[in-house]
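Chemist: After the sequence you'll find the predicted model.
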Amino acid sequence: MIREIEDISRERRVSSTKTRELTDTLYNRISWSFHRLLQVYGMARTATVCLELTNASMMTVLASTEKDEQNVTAITAYDEAIYPSIVEESEKAERNQEFVSITSKRVNSRLVLADENGVINPSLEIIKTAVSGDQRAPRYIIENSISNVFRGDLPYVARYIKDDVSKVVLNLSITSKDQPFTINALKFIPMPAMGATVLEALTYDVDKNVVMNGGVELPPISVYQIERTYQGYIHFEPVSTTELTLSLASEVYLSALGCIAIGINKIVGEFNTYAIKSYIGWPIKYPYGYSRIANIQIIPATYSESMKNVRAKIYDNINDFNQVNDRYIALCDENTDLDIRQTSAPTPYLLLELDSENNTTPCVGRIRLEFA
């Protein structure tokens with residue numbers, strides 16, 4: 001209720017000043033309510049698009065899911081880790097459960113593109129260009145604020161409407177208006193977290209691909225790959241640049257909304273300094289009915305290509321594990337056949353060693369153990 005409204009008798013004198021103030025108050029409150037309703041409607045519409053995207057991506061992800069064999073187990077960032085007692089805090093490898101990756105210890109880290117509140121660096125700006133698969137612009141685009149890509153509480157969602165559209169590519173360029181910025185890690189979280197929005201390329205200085213662990217470039221793609229729709233923590237050699245570009249694409253048509261949509265939950269840029277050596281380990285449990293470790297594979301995380309600078313040592317007792325000595329029973333690279341029997345090593349301990357090179361880190365997704 002607006003308390004300023006009162007009954008006025010015919011004989012009472014009316015102040016023009018008070019009447020104007022009342023009119024202004026009513027106008028401001030109605031205007032505020034109207035804009036608040038528009039904001040709520042926009043958020044509800046964004047939620048609707050996100051729900052449709054999630055539903056569409058679930059079908060894609062379920063269709064691509066593979067089931068492991070009974071004699072295979074996997075160690076990931078979700079498994080509780082142990083660290084050798086001789087290892088200092090600054091040498092403990094990091095488990096990142098959100099991105100299902102294990103990386104070298106970050107001894108120093110600072111944000112590059114936006115601060116912790118999602119406010120973009122004032123020297124940077126975002127430039128967007130979008131085309132359909134036939135290289136022609138969509139008929140029209142419905143989107144919310146591009147600044148949402150740095151906030152994290154409300155996703156950036158764009159709908160592209162065009163007759164016979166089968167694919168949309170969005171180039172998102174973060175450019176510096178004055179001086180270069182240095183960056184060597186990017187957290188990319190699409191909406192939804194997998195199955196819809198594809199990261200086709202991550203480039204700097206217009207067309208240079210970032211270089212990751214082992215001197216391997218992040219390869220650009222143009223054909224749909226479900227692995228490139230996953231959220232990821234991308235680590236690469238430091239680059240000093242005035243332009244960083246994410247090329248995003250989608251081929252998921254939302255029939256309920258008559259469009260192709262691209263969604264981004266958040267983008268975080270970092271400049272990290274890594275420990276030269278990092279360590280992390282786990283005890284190995286034999287699955288029921290199996291008594292021999294036959295093979296070990298070290299598999300890279302999403303958006304990581306090379307497992308160079310990574311090795312696994314297997315110890316038959318906790319004391320040697322804690323000392324990180326050379327009395328291991330197996331030294332393993334990314335794919336190694338083994339013959340470790342439960343009778344000789346009832347509880348083996350696996351130690352993963354990671355080396356940082358050119359101030360970047362290997363990114364381990366999982367360690368696959370095959371038993372016999």
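Modeler: Alright, I've got the coordinates.

Chemist: which residues touch A301?
Modeler: By Cβ atoms under 8 Å, 6 or more residues apart in numbering, the contact list for A301 reads F99, V100, S101, I102, G232, Y233, C363, V364, G365. For glycine as for every other residue, the C-beta is placed from the backbone atoms N, C-alpha and C.

Chemist: what are the phi and psi angles of it?
Modeler: Backbone torsions of A301, given as degrees, to the nearest 10, read phi -70, psi 170.

Chemist: And I318, by the same measure?
Modeler: With angles defined as degrees, to the nearest 10, I318 sits at phi -70, psi -30.

Chemist: Distance of it relative to I82?
Modeler: 9 Å (Cβ to Cβ, to the nearest Å).

Chemist: any common contacting residues for the two?
Modeler: Common contact partners of I318 and I82 (Cβ under 8 Å, 6+ apart): Y349.

Chemist: Let me see the ranges of the helices in the protein.
Modeler: In the chain, helices defined by DSSP state H lie at 16-64, 318-323, listed in chain order.

Chemist: Of those helices, which shows the lowest average pLDDT?
Modeler: Ranked by mean pLDDT, those bottom out at helix 16-64, with a mean of 59.

Chemist: quick one, what contacts the spatially closest residue to Y156 that is not a sequence neighbour?
Modeler: Leaving aside its sequence neighbours, Y156 sits nearest to N148 (Cβ to Cβ, 6 or more residues apart in numbering; 4.0 Å). Applying Cβ under 8 Å, 6+ apart to N148 gives the contacts L154, P155, Y156, I264.

Chemist: And for T73?
Modeler: By Cβ under 8 Å, 6+ apart, the contact list for T73 reads K285, P287, R368, L369, F371.

Chemist: out of the residues you listed, what pair is the most spread apart?
Modeler: K285 and R368 (14.6 Å; Cβ to Cβ).

Chemist: Tell me which of the two has more neighbours.
Modeler: R368 (17 against 11; other Cβ atoms under 10 Å).

Chemist: Could you check how far the closest residue to the more buried one other than its chain neighbours is from D337?
Modeler: Sequence neighbours aside, Q297 is the residue nearest to R368 in space, at 4.2 Å (criterion: Cβ to Cβ, 6+ apart). Using Cβ to Cβ, one gets 10 Å for the distance from Q297 to D337.

Chemist: likewise L199?
Modeler: Counting by Cβ to Cβ, the gap from L199 to D337 is 34 Å.

Chemist: With neighbour numbers in mind, choose between these two.
Modeler: Taking other Cβ under 10 Å, L199 and D337 do not tie; L199 has more neighbours (26 against 11).

Chemist: which ones are touching the more buried one?
Modeler: Shown in contact with L199 (Cβ under 8 Å, 6+ apart): F188, P190, R228, T229, G232, L246, S247, L248, Y303.

Chemist: quick one: low-confidence ranges for this structure?
Modeler: Confidence mapping of the chain against pLDDT under 70 gives the ranges 1-16, 18-20, 22, 24, 26-28, 30-68, 134-135.

Chemist: for it, longest strand please?
Modeler: Ranked by residue count, the top strand of the chain under DSSP state E comes out as strand 259-274.

Chemist: CSV please, covering the contacts of N148 and showing neighbour count.
Modeler: Compiled in CSV, those are given as follows (neighbours: other Cβ atoms under 10 Å):
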residue, neighbour count
L154, 17
P155, 22
Y156, 25
I264, 23
